[in-house]
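Chemist: coords please:
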Amino acid sequence: MKAILVLFDSMQRDFLPPYGNDWVHAPNYARLAERALTFDRCFVGSMPCMPARRDLHTGRTNFLHRAWGPLEPFDDSMPQILKDSGVHTHLCSDHGHYWEDGGCTYHTRYSTWENARGQEGDPWKGEVADPDVPPHLGSSLRQDWINRKYWAREEDMSQTIVFDQAMEFLDTNSGQDNWMLQIECFDPHPPFFAPEKYRDLYPRDYEGPQFDFPKYAPVNEEERAAVDECRRNYAALLSMCDHSLGRVLEAMDRHDLWDDTMLIVTTDHGFMLGEHDWWAFVNQPFYNTCALKPMFLWDPQVGRAGERTDTLAQMHDLPVTLLDHFGVDVPPDMQGQALGPVLNGEIPARDTAMFGTFGGQVNCTDGRYVYMRAPVREDSQPLHNYTLMPTHMRRFFELEHLRQSELVEPFDFTKQCPLLRVPAQPFFRSQHEFGNLLFDLEADPDQNNPIDNPQLEARMAQLMIRDMKANDAPAEQFERLGLEPNLVCP
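Modeler: Here you go, the predicted model:
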C-alpha cells in the first residue's frame, strides 16, 4: 500500500469551489472533489501550527497539556511507527517551524526528509543592510523583505521547490510498495506573496499601500478599506497552491496510483480575512472560518469519489487512518478514529470534537452546536506546561519559570514518565474577554448570533467535561474554566 498526504497551512475552505466558492480560480480542487470524498465537518484540534502537527503524529489532542513545542520523548509518532514497521516515510516541506526550537523533533521521525527555505521570516539569506520596504498595511518582517528578493521567479519559490521534490520522489518510487509521502506547504499562510500570473486572475482597481501580510489582530479602520485587496492576494496565493495540487493529481494519473494509494488533502486550520472584523487565528474565538477546515480523502479500500460526508473528523484521526491503511497496529494512547472503517460502517463515528489553543477557550461541537468555554480569570490561571522538552516556538523556557518547576506524576499517555510541571501563560491570549459562547450552526452558520439556552449549554459543558477527562486533562484545566469534573454526561 501507499499514501500521499498533502498538507497546506492556513487554508480557508470558503475560498474553495467544492465548498461553494464561485470566484476563486481553483480548478484542481474541483477536480480533486470528483476523485475523492469531501468532508463537510472536519474540525481543527490543537492550535495552531506545531500543536496541530503534534496531533498529526500522536493521534491525540495535546493543547490541554502544553503550549507550542516539540514532540515529547514519550509521544507516539505515526511516521516513526510506519518507518519501524517497514513503510518508508518521506517529508517534503517548507514549513520553517520544523527547524526551530519548538519543532525540531518532528522531521527526524521520517525515514527521509527534504526542506525548502524562505517562507515568512525564515532566517535564510544574510544581508546586513536593511531592505527597502514599500508602503504597506499590516505586518512587516525585515527578513521577509530580504527573502522575497530571492524569489524572483516562480521556480525559485519554496512552494514550487517542495512540489518539485515531491514529484522526484513519486517519479523515483511510484513502482515500489510500502511508502508514505507527506507534502507540506506553508502557503497560503501569510505573507500572501504570489507570482504576478496568479495575481492577474483577480482584477483590481486598488491604489492603496501594499497589503499581503495581515496582523493577528482586529481589523482597524485603515485596513477595513483594504480587506478586499488582502483577500485578492490570499486568493492569488491559493490559486498557486491549486496549481501545485494539480501536479500531484497529474502524478497520480501518470503513475496509475489511484488503485493502491490513499490520498489525503487538508490543512491545519483556516484563516480569518476580515470575517467578524478579525485577521488570522488564535486570538479571537475559534469561529468556523478557522475551526472548520477543508479535507478530501481518497481511500482505495473505501472507494467513494465525488461524494460528501458529514462525518465528524479531526487532525488526530489522520495518523490512525494511515496506520490502519498500512495494516499497522495503532498504539493504545492514540485517540483518533480510523476514517476508513468509520466510512465503511465498521465502527461508529465520533459524536463530538474538542479543539482549542493552550490557555484559551476550550471548544466542543457535536456537529450542530459549538460551545466555547472561556477561562474564569483574565490571566487564565491556574495554568502549567507539562513537558520533558522545555522549549517554546523559538526559545527555551524562561529560567524564572524553570526555577519554579517541579516533577509530577505521569499522565495516562506519558508511558509512566514523570513530567516537569512549569508555570505558564496562555500561548496567545486567554480569550477571557469573549466569555462563553454557544452557536447553532444549522440556524446560524456564520456564527453571528450567540444563543442563550442554559439547558443546552449545560449539555454541551457535560460533553466537554467527558472529552477532557478522556484526554486525561490536568485538574487545573477544569478549575480555570469553572467546570465541575464530576458532572456526568447523559
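Chemist: buried ones in stretch 215-233?
Modeler: K215, Y216, V219, E223, A226, V227, E229, C230, R231, R232, N233 (16 or more other CB atoms under 10 Å). Glycine gets a C-beta too; all of them are placed from N, C-alpha and C.
Chemist: let me see the domain layout of the protein.
Modeler: According to automatic domain parsing, the chain comprises the domains 2-348, 354-481.
Chemist: just name the most buried of those domains.
Modeler: For these, the largest average neighbour count (mean count of other CB atoms under 10 Å) is found in domain 2-348, namely a mean of 20.
Chemist: and that domain, average pLDDT?
Modeler: Across domain 2-348, pLDDT averages out at 97.
Chemist: and A473, what pLDDT?
Modeler: If you check A473, the pLDDT there is 98.
Chemist: among the buried residues of stretch 215-233, find me the one that's closest to T61.
Modeler: Y216 (22.0 Å; CB to CB).
Chemist: now do the strands in the stretch 51-200 of the chain.
Modeler: Along the stretch 51-200 of the chain, the stretches classed as strands by DSSP state E, counting those that start in this stretch are 88-93, 112-115, 179-184.
Chemist: my read is that A236 contacts A194, right?
Modeler: Yes. Here A236 reaches A194: they are 4.2 Å apart, a contact under CB atoms under 8 Å.
Chemist: now the helices for this protein?
Modeler: 27-35, 49-58, 78-84, 142-148, 158-173, 196-199, 221-224, 227-254, 288-291, 317-325, 339-343, 399-402, 454-470, 475-481 (DSSP state H).
Chemist: now render the ones you listed as a markdown table, adding distance to F8.
Modeler: What follows is the helices of the chain, written out as a markdown table (distance: least, CB to CB, whole Å):
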| stretch | distance to F8 |
| --- | --- |
| helix 27-35 | 11 |
| helix 49-58 | 12 |
| helix 78-84 | 18 |
| helix 142-148 | 19 |
| helix 158-173 | 10 |
| helix 196-199 | 15 |
| helix 221-224 | 24 |
| helix 227-254 | 6 |
| helix 288-291 | 14 |
| helix 317-325 | 14 |
| helix 339-343 | 19 |
| helix 399-402 | 34 |
| helix 454-470 | 27 |
| helix 475-481 | 30 |
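Chemist: so what's the spatially closest residue to E442 that is not a sequence neighbour up against?
Modeler: Distances taken as CB to CB, 6 or more residues apart in numbering place R368 nearest to E442, at 5.4 Å, with adjacent residues excluded. Residues in contact with R368 (CB atoms under 8 Å, 6 or more residues apart in numbering) are D440, L441, E442.
Chemist: nearest to Q431, of those residues?
Modeler: Closest approach between the contacts of R368 and Q431, by CB to CB: L441, at 19.4 Å.
Chemist: quick revisit: what are the phi and psi values at the residue nearest to E442?
Modeler: Phi and psi for R368, reported as degrees, to the nearest 10, are phi -100, psi -50.
Chemist: so L5 sits right up against I264, yeah?
Modeler: Yes. L5 is within contact range of I264, at 4.8 Å (criterion: CB under 8 Å).
Chemist: and the end-to-end length of stretch 389-396?
Modeler: Length of stretch 389-396, first residue to last, CA to CA, to the nearest Å: 9 Å.
Chemist: revised request: answer the last question for stretch 206-218.
Modeler: Using CA to CA, the two ends of stretch 206-218 sit 22 Å apart.
Chemist: and if you look at stretch 22-31?
Modeler: Stretch 22-31 has an end-to-end distance of 15 Å (criterion: CA to CA).
Chemist: do the same with stretch 470-481
Modeler: 17 Å.
Chemist: not counting its own residues, what contacts it?
Modeler: Applying CB under 8 Å, 6+ apart, the contact partners of stretch 470-481 are 60-61, 64-65, 335, 354, 362, 373-377, 380-384, 386, 411-413, 465, 468, 484-485.
Chemist: give me that answer again for 6 Å
Modeler: With contact meaning CB atoms under 6 Å, 6 or more residues apart in numbering, stretch 470-481 is reached by L64, R373, P375, S380, P382, F411, D412, P485.
Chemist: for P341, see how far away the third one is.
Modeler: Same thing as P375. P375 is 37 Å from P341, where distance means CB to CB, to the nearest Å.
Chemist: ok, the fifth one next?
Modeler: With distances taken as CB to CB, P382 is found 39 Å from P341.
Chemist: equivalent analysis for the second one, please.
Modeler: Relative to P341, R373 is positioned 31 Å away (criterion: CB to CB).
Chemist: now swap in T321 and tell me
Modeler: 9 Å.
Chemist: and what of E222?
Modeler: On the measure of CB to CB, E222 and P341 end up 52 Å apart.
Chemist: what does N28 give?
Modeler: Distance of N28 to P341, given as CB to CB: 29 Å.
Chemist: who touches E229 in this structure?
Modeler: Contacts of E229 (CB under 6 Å, 6+ apart): Y206, F211.
Chemist: when you give positions from now on, start the count at 21
Modeler: With 21 as the first residue, the last one maps to E249.
Chemist: what about the strands in the stretch 321-470 of the chain?
Modeler: Counting by DSSP E, counting those that start in this stretch, the strands of the stretch 321-470 of the chain are 327-329, 333-334, 373-377, 382-385, 389-393, 404-407, 426-428, 439-443, 457-460.
Chemist: reformat these as CSV; add distance to Q196.
Modeler: Output for the strands of the stretch 321-470 of the chain, formatted as CSV (distance: least, CB to CB, whole Å):
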stretch, distance to Q196
strand 327-329, 30
strand 333-334, 29
strand 373-377, 36
strand 382-385, 41
strand 389-393, 44
strand 404-407, 38
strand 426-428, 46
strand 439-443, 40
strand 457-460, 48
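Chemist: nearest to R449, out of these?
Modeler: Evaluated over these, closeness to R449 peaks at strand 373-377, with 9.1 Å, by CB to CB.
Chemist: restrict the closest one to CA atoms and write it as CSV.
Modeler: Presented in CSV, the C-alpha positions along strand 373-377 are these (Å, rounded to 0.1, in the frame of the first residue of the first chain):
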residue,chain,number,x,y,z
ALA,A,373,-14.9,17.2,18.5
MET,A,374,-12.9,19.2,21.1
PHE,A,375,-10.5,21.9,20.0
GLY,A,376,-8.6,25.0,21.1
THR,A,377,-5.3,26.5,21.9
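Chemist: for it, what is the distance to the chain centroid?
Modeler: Counting by CA atoms, centre = their mean, to the nearest Å, strand 373-377 is centred 12 Å from the centre of its parent chain.
Chemist: got it, and stretch 76-87?
Modeler: On CA atoms, centre = their mean, the centre of stretch 76-87 falls 12 Å from that of its chain.
Chemist: ok, now stretch 101-119?
Modeler: Offset of stretch 101-119 from its chain centre (CA atoms, centre = their mean): 17 Å.
Chemist: was I right to think M282 contacts H345?
Modeler: Yes. Between M282 and H345 there is a contact at 5.1 Å, judged by CB atoms under 6 Å.
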